[in-house]
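Novice: Quick one: sequence and predicted model below, then my questions.
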Amino acid sequence: MLAAADRVCTVFADAHQGKVDVHWFDLPGDAKPLVACLRILMGDKSLAASSPATDEVVALLRIERGLHGADLSSLIRRHPVYRVGDDGISLEPVMLEQTVDLTALERLFDVTIIGAPWMHARVTEILDRRMLHHLLHDETSPRLPIAIKLHAGSVRQGSFTALLDELPAHWHARLAIELPYAEWLVAPDAVEEALAIGRRRQCLMVLDHVPVDRATEANLPKDVLLRLMPAVPITGGEAAAALRPHAVPSGATLRQVIRTLGADRCILTHCDSLALVHHALDAGFRMLQGQAVADFAEMRQQMAPPAAAKVDATAASDETESEAPQEEAGPQDGLWSRLVHWLRPRHPPTAEDMPTEPQAKPNVTKGM
């Protein structure tokens, strides 16, 4: 009860709903003070109706109670990140991003989350803790690295370090932590502290939702991955925004992003049209995410290469193998080399991991 009362006080303070005073009464000896307090409350006309903001606080407490110890499996969605193969054609999944479906959560609790900024921030903070708990207790050892969205404040809390201590050691190097770009704009020191904590635990750090048209303007950290988001056209009402595809940036804009930031640290997200996928590939992006990418990868897997292409691929494979020692003689430095090492499976390959045809040894430095 003490913990619950303290939580209520904190939530009301965060919602700027004023201070909450908590008084405890020992009924055998404090019955009269309790009655006096109740009479004061009953006579306070301001308590007759709650404000919309207070309704949000009540809804948040209801969500927190509902999610406490709940199984998130039915609410979790997994979105693969694909990497372009060294042949420039194939697409293979290299990371799974795990998120909670906020639309499903809204239906479950009959409350608005996505359209209410304060509610969205508070609910995602609760989900930060629940997602880490889910990884610890409900998730099996991942075949691919797992990426999760967290707030900088959640990473800086002692509970985050405590949960990482409970995770198996091999998990740390296969965990990507995505921090909001919006927090980097308003509180860069807090984000830098969170990045330092993640680096010390050997986690891969990511800045999430970086606008494509602003990616080259901001002074972003040099050793993090960047999830770049195309803009959404401003047309129609707010209700239809989720149904509108993201805009296709110009080829010049995408090429400038790659030249400035490097293909080794950019992930183009929200690829919901084939036009966006083609533009990204032509510009030099090597990591893509979105439904259109998944459809594109499946389509390419179903397309069998012609016989002539197979002969050319074999010749190119032999040439690549003969050149490999000269290219790999020096050390591979930089984020891309670390990322490839980080993405490499840490268990014996299974039938699912093995390619269907013999392939040349990948050369991750080629074309960089």
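Specialist: Here it is on my side, so go on. Numbers count the residues shown, from 1 in each chain.
Novice: Every contact and neighbour count from this point should use C-alpha atoms.
Specialist: Will do.
Novice: tell me which element His278 is part of?
Specialist: helix 274-283 (DSSP states H and E).
Novice: now Ile114
Specialist: Judged by DSSP H and E, Ile114 forms part of no helix or strand.
Novice: One more: Arg143?
Specialist: Judged by DSSP H and E, Arg143 forms part of no helix or strand.
Novice: re the thing from before, tell me which residues in the helix holding His278 are buried?
Specialist: Neighbour-count burial for helix 274-283, counted by 16 or more other Cα atoms under 10 Å, picks out Leu276, Val277, His278, His279, Ala280, Leu281, Ala283.
Novice: can you check stretch 22-42 too?
Specialist: Buried, per 16+ other Cα under 10 Å, within stretch 22-42: Leu34.
Novice: Thr10: how many residues sit nearby?
Specialist: Number of residues near Thr10 (other Cα atoms under 10 Å) recorded here: 14.
Novice: per-residue pLDDT, it?
Specialist: If you check Thr10, the pLDDT there is 79.
Novice: Okay, it and Ile113: tell me how far apart.
Specialist: Per Cα to Cα, to the nearest Å, Thr10 is found 19 Å from Ile113.
Novice: go on, Ala280?
Specialist: Noted for Ala280: a distance of 32 Å to Ile113, by Cα to Cα.
Novice: residue contacts, Met229?
Specialist: Contacts for Met229 were tallied using Cα atoms under 8 Å, 6 or more residues apart in numbering; they are His209, Val210, Pro211, Val212, Leu268, Thr269, His270.
Novice: make it 6 Å
Specialist: His209, Val210, Pro211, Val212, Thr269 (Cα atoms under 6 Å, 6 or more residues apart in numbering).
Novice: Give me the pLDDT for the closest residue to the third one other than its chain neighbours.
Specialist: In other words, Pro211. Excluding its sequence neighbours, the residue lying closest to Pro211 (Cα to Cα, 6 or more residues apart in numbering) is Met229, at 5.0 Å. On pLDDT, Met229 comes in at 94.
Novice: Kindly report the same for the one 4 residues further on.
Specialist: At Pro233 the predicted local confidence, pLDDT, stands at 72.
Novice: Tell me the secondary structure at the residue nearest to it when sequence neighbours are not counted.
Specialist: Nearest residue to Pro233 in three dimensions, chain neighbours excluded: Ala247, at 6.0 Å (Cα to Cα, 6+ apart). Here Ala247 is recorded as coil under DSSP: H, G, I helix; E, B strand; the rest coil.
Novice: Please report how far Ala247 lies from Ala182.
Specialist: Ala247 is 20 Å from Ala182, by Cα to Cα.
Novice: More neighbours: these two, which one.
Specialist: Neighbour count, other Cα under 10 Å: between Ala247 and Ala182, Ala247 has more, with 18 against 13.
Novice: Just name the shakiest helix or strand of this structure by mean pLDDT.
Specialist: helix 307-327 (a mean of 48; mean pLDDT, DSSP states H and E).
Novice: quick revisit: and of the contacts of Met229, the nearest to Thr260?
Specialist: The closest of the contacts of Met229 to Thr260 turns out to be Val212 (Cα to Cα; 12.0 Å).
Novice: can you give me the strands for the stretch 51-200 of the chain?
Specialist: In the stretch 51-200 of the chain, the strands defined using DSSP state E, counting those that start in this stretch lie at 76-84, 91-100, 146-149, 175-180.
Novice: Need these in JSON lines (columns: mean pLDDT, distance to Ala196 and mean neighbour count).
Specialist: Below are the strands of the stretch 51-200 of the chain laid out as JSON lines (pLDDT from 0 to 100; distance: least, Cα to Cα, whole Å; neighbours: other Cα atoms under 10 Å):
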{"stretch": "strand 76-84", "mean pLDDT": "93", "distance to Ala196": "24", "mean neighbour count": "19"}
{"stretch": "strand 91-100", "mean pLDDT": "92", "distance to Ala196": "21", "mean neighbour count": "20"}
{"stretch": "strand 146-149", "mean pLDDT": "92", "distance to Ala196": "16", "mean neighbour count": "22"}
{"stretch": "strand 175-180", "mean pLDDT": "93", "distance to Ala196": "12", "mean neighbour count": "23"}
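Novice: Low-confidence bits of the stretch 201-350 of the chain, can you list those?
Specialist: The model of the stretch 201-350 of the chain has pLDDT under 70 over residues 234-244, 304-350.
Novice: what ranges do the helices span in it?
Specialist: With DSSP state H, counting those that start in this stretch as the criterion, the stretch 201-350 of the chain has helices at 251-261, 274-283, 291-302, 307-327, 335-343.
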